[in-house]
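Student: Quick one: sequence and predicted model below, then my questions.
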Amino acid sequence: MAAAAAPLTDPCTLATLPRKRLPAGHPREWYESHNRRLKAMRLAIALLHSGAYRPEQASNRRIRRVADRIGVRPPSNATCRMVRSLIHAEAPAARAARR
């Protein structure tokens, strides 16, 4: 008999860590790539919570809809690719958590 799955929580209600100031003195490219990685991580987590466990389930359109839902500016194509690569890297952990 299959166990009942727990209902998914709304990503907007999930608690987030407090923001910290970024260290000064790095080149502009470092800040841009750092912020892109943070944004991709937020989006990947929201997609995993919404049930997208594989990269092929995360189209650019779906990623942008999730970004709108959690209050993040629409991501670029490069950020969408990064989100899919993070989901691919996280897929075994997500599968293990569902068991």
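Tutor: Nice, I can see it.
Student: quick one: the strands in the chain?
Tutor: Ranges of strands in the chain, per DSSP state E: none exist.
Student: Where in it is the helix or strand with the lowest mean pLDDT?
Tutor: Using mean pLDDT, DSSP states H and E, helix 77-98 stands out as the lowest-scoring helix or strand of the chain, at a mean of 77.
Student: Count residues in the vicinity of R73, would you?
Tutor: 10 (other CB atoms under 10 Å). Where C-beta positions appear, they are placed from N, C-alpha and C, glycine not excepted.
Student: and it, what is it in contact with?
Tutor: Shown in contact with R73 (CB atoms under 8 Å, 6 or more residues apart in numbering): A67.
Student: Quick check: it vs M82, distance?
Tutor: Distance, R73 to M82, using CB to CB, to the nearest Å: 15 Å.
Student: got the end-to-end distance for stretch 46-59?
Tutor: Taking CA to CA, to the nearest Å, the first and last residues of stretch 46-59 lie 14 Å apart.
Student: which parts of that stretch are buried?
Tutor: Within stretch 46-59, the residues scored as buried using 16 or more other CB atoms under 10 Å are A46, L47, L48, S50, A52, Y53, P55, A58.
Student: so the third one makes contact with I87?
Tutor: Yes. Look at L48 against I87 with CB atoms under 8 Å: they come within range, at 6.9 Å.
Student: how about low-confidence regions in the chain?
Tutor: Along the chain, segments meeting pLDDT under 70 span 1-17, 90-99.
Student: Show me where it has its helices.
Tutor: 28-50, 60-70, 77-98 (DSSP state H).
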